[in-house]
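Asks: I'd like to go over a predicted model; first the sequence, then the structure.
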Amino acid sequence: MVKVYTPRRLREKNRWLRSDGKPNFKDRLYSREPELSPLIRRDVPPINTLTTVLRTCELMSSQNTRLIAVTSGKGNIIGVITAMDIVDYLGGGSRHGLVSVSGFETIHEVLNLNVGKIMSENPIYVNINTPLHKVLELMINYGLGAVPVSSEDDIYAGVLTELEIMKYLSVKYVGIPVHKVMTREVLSVNSSTSLEEAMWMMISLGVRRLPVIDHNELKGMLTWKNIIDLIGTHKIYEILRYGLLREFKSLRVSDIMTTDVDIISPDADLSEVASAILRAATSSLLVVEEGVVVGIITERDVIYGLVVS
């Protein structure tokens, strides 16, 4: 019997909510609440509906962002495209049906599609004057890792990410150990798993990263960024012999995974996680005890550990 999973992003939010469905924020969040202006990333440019999937991957890769806003000719936010939307389209989920309907066979055809056809319309975004606790409430309730930010006159201003929030909230010592807030259920693949199967797992299980474990030995990590970078840096054209979509989906996880995986102890303080994430330019750490992977901790876990009782 196959176990049916609820996507992790939907399950995890319940750890941080009171019985009334509201996050139980600590007083320190309100006392340190800043304007959003200094926290947002203004270096992430918006795109329009005619921008290709390839160009979007190039921007995501070069700007190290998993969300890009789609704007109208007047600069209003009309949609968003995320790395997971692209993973979905490439073979992970329902958006992939567009490939079959269109009869695409080559990777060039697939990547030349306009993002307007796969973006999320009417997205959640916040105004630059929105209080930080309200932004976090939205991110918790909707499982968002980043949100677009508009100016006072409703023009795109930038993107607010979990990383920027974590930077702001981080302190030298927190007093909360990793094992208190980490995710204990670690979903993994092995190095011979096909990229198609791994992308399907990411979308259906609601995860952006999959540890690669062979016979209880950690071999690496496959993340959304590995997939986006493969396309955004044009390495995909070097690795595919015939340039076919089926070649891409048949790649093995070991072909593109990161082999240098950052780990941390379950007894480490949350401040150590924040420092390690910033130092390694990663969004998560695997939690390892006596050589065994016992959990995973992300930027989101750190933030909520800092602001939720």
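Replies: The structure has been received and is ready for your questions. Please read these numbers as outputs of a predicted model, since none were measured by experiment. Numbering: from 1, shown residues only.

Asks: burial count for residue 97?
Replies: Other residues within reach of residue 97, judged by other CB atoms under 10 Å, total 10. Just so you know, the C-beta spots here come from the backbone N, C-alpha and C atoms, and that holds for glycine as well.

Asks: secondary structure class for it?
Replies: Assigned with DSSP: H, G, I helix; E, B strand; the rest coil, residue 97 falls in the helix class.

Asks: how far away is it from residue 118?
Replies: 11 Å (CB to CB, to the nearest Å).

Asks: Same question for residue 107.
Replies: Counting by CB to CB - residue 107 and residue 118 are separated by 16 Å.

Asks: In terms of neighbours, single out the busier of those two.
Replies: Taking neighbours as other CB under 10 Å, residue 107 and residue 118 compare with residue 107 leading, 22 against 18.

Asks: what sits against that one?
Replies: Under the criterion of CB atoms under 8 Å, 6 or more residues apart in numbering, the neighbours of residue 107 are 236, 237, 240, 243, 244, 245, 247, 248.

Asks: tell me which of these is nearest to residue 113?
Replies: residue 245 (11.8 Å; CB to CB).

Asks: how many other residues sit next to that closest one?
Replies: By other CB under 10 Å, neighbour count at residue 245 equals 21.

Asks: where's it relative to residue 104, distance?
Replies: 6 Å.

Asks: What residues sit buried inside stretch 168-186?
Replies: Neighbour-count burial for stretch 168-186 flags 169, 170, 174, 177, 178, 179, 181, 182, 183, 186 (criterion: 16 or more other CB atoms under 10 Å).

Asks: Tell me how far that stretch lies from the chain's centre.
Replies: 19 Å (CA atoms, centre = their mean, to the nearest Å).

Asks: ditto for stretch 44-60
Replies: With CA atoms, centre = their mean, you get 17 Å for stretch 44-60.

Asks: Any figure for the gap between the residue nearest to residue 183 when sequence neighbours are not counted and residue 56?
Replies: Computed as CB to CB, 6 or more residues apart in numbering, the closest residue to residue 183 that is not its neighbour in sequence is residue 296, at 5.2 Å. Per CB to CB, residue 296 is found 27 Å from residue 56.

Asks: Out of these two, name the residue with the larger neighbour count.
Replies: residue 56 (27 against 24).

Asks: what helices or strands is the strand or helix carrying the more buried one leaning on?
Replies: Assigned by DSSP states H and E, residue 56 belongs to helix 53-63. With contacts defined as 3 or more CB pairs under 8 Å, 6 or more residues apart in numbering; DSSP states H and E, helix 53-63 has these neighbours: strand 67-71, helix 83-87, helix 107-111, helix 224-232.

Asks: which phi and psi does residue 265 have?
Replies: Here is the backbone geometry of residue 265 (degrees, to the nearest 10): phi -80, psi 150.

Asks: returning to that earlier point: please identify which pair of the contacts of residue 107 lies farthest apart.
Replies: 237 and 245 (13.1 Å).

Asks: and the helix or strand containing residue 101, C-alpha only, in PDB?
Replies: Taking DSSP H and E as the criterion, residue 101 maps to helix 97-102. Extracted in PDB, the C-alpha atoms of helix 97-102 (Å, rounded to 0.1, in the frame of the first residue of the first chain):
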ATOM      1  CA  GLY A  97       0.800  18.500 -19.000                       C
ATOM      2  CA  LEU A  98       1.500  21.600 -21.000                       C
ATOM      3  CA  VAL A  99       4.500  19.900 -22.500                       C
ATOM      4  CA  SER A 100       2.500  17.000 -23.700                       C
ATOM      5  CA  VAL A 101      -0.300  19.200 -25.100                       C
ATOM      6  CA  SER A 102       2.200  21.300 -26.900                       C
END
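
Asks: Average pLDDT for it, rounded please.
Replies: Mean pLDDT, helix 97-102: 94.

Asks: buried residues in that helix?
Replies: residue 99.

Asks: Give me the residues contacting it.
Replies: So helix 97-102 is contacted by 89, 91, 109, 110, 113, 117, 118, 245 (CB under 8 Å, 6+ apart).

Asks: so where's the chain shaky on pLDDT?
Replies: 1-21, 28, 30-34, 309 (pLDDT under 70).

Asks: where along it do the strands fall?
Replies: 67-71, 77-82, 120-121, 126-127, 146-150, 156-161, 209-214, 217-223, 263-264, 284-289, 292-298 (DSSP state E).

Asks: Dump the ones you listed to a markdown table, plus distance to residue 45.
Replies: Below are these laid out as a markdown table (distance: least, CB to CB, whole Å):
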| stretch | distance to residue 45 |
| --- | --- |
| strand 67-71 | 8 |
| strand 77-82 | 13 |
| strand 120-121 | 18 |
| strand 126-127 | 19 |
| strand 146-150 | 12 |
| strand 156-161 | 9 |
| strand 209-214 | 25 |
| strand 217-223 | 23 |
| strand 263-264 | 34 |
| strand 284-289 | 26 |
| strand 292-298 | 26 |
